[in-house]
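Novice: Compute the structure for the input listed below.
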Amino acid sequence: LDADQPGGFGTIPLPQLDAGPYLSYGLQWLAFGIMAPLGLGYFLWAELRERRKAKSETEHPVEDDTKAQPAPSHTPSDKLADRYGRSR
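Specialist: Below is the predicted model of the structure:
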């Protein structure tokens with residue numbers, strides 16, 4: 001539209017075309033891209049370690065003098081509650 005034409009909102013300036021703060025944003029995504037697979041690997045390793053520990057305890061139970069107490073139930077929901085702090 002021409003200047004001062006009825007119905008016009010006015011002139012809009014051109015957008016800023018400099019590099020801006022995008023380097024830090026890009027570095028954040030690079031850091032996330034590196035940390036996400038490392039975190040996933042750590043959690044997989046921790047889960048396998050817990051499963052191997054539980055399996056070795058069932059194969060080789062530890063002998064102790066407290067056999068008078070009944071063994072606690074180890075249902076899947078009990079194991080999840082112990083490992084992740086969920087309510088039973």
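Novice: Can you get me a residue count around residue 18?
Specialist: 6 (other Cβ atoms under 10 Å). To be clear about C-beta, it is placed using only N, CA and C from the backbone, and glycine gets the same treatment.
Novice: Equivalent analysis for residue 78, please.
Specialist: Neighbours of residue 78 (other Cβ under 10 Å): 13.
Novice: so what's it scoring on pLDDT?
Specialist: Here, the pLDDT recorded for residue 78 equals 79.
Novice: So it, which state does it fall into?
Specialist: Residue 78 falls in the helix class when you classify it by DSSP: H, G, I helix; E, B strand; the rest coil.
Novice: Now do the buried residues in whichever strand or helix holds residue 52.
Specialist: Using DSSP states H and E, residue 52 sits within helix 22-59. Within helix 22-59, no residue counts as buried by 16 or more other Cβ atoms under 10 Å.
Novice: just how off-centre is that helix within its chain?
Specialist: Taking Cα atoms, centre = their mean, to the nearest Å, one finds helix 22-59 lying 8 Å from the centre of the chain it belongs to.
Novice: Now residue 83: which helix or strand?
Specialist: helix 76-84.
Novice: what inclination does that helix have with respect to helix 22-59?
Specialist: Orientation of helix 76-84 against helix 22-59 (axes from the mean of the first three to the mean of the last three Cα atoms, to 10 degrees) gives an angle of 130 degrees.
Novice: pLDDT weak spots in the chain?
Specialist: Scanning the chain with the threshold set as pLDDT under 70 gives 1-10, 62-73, 86-88.
Novice: how near is the nearest residue to residue 79 once chain neighbours are set aside to residue 42?
Specialist: Leaving aside its sequence neighbours, residue 79 sits nearest to residue 54 (Cβ to Cβ, 6 or more residues apart in numbering; 7.7 Å). Distance, residue 54 to residue 42, by Cβ to Cβ, to the nearest Å: 19 Å.
Novice: Repeat that for residue 32.
Specialist: Taken as Cβ to Cβ, the span from residue 32 to residue 42 is 15 Å.
Novice: re earlier: if I look at the residue nearest to residue 79, how far off is residue 78?
Specialist: Residue 54 is 12 Å from residue 78, by Cβ to Cβ.
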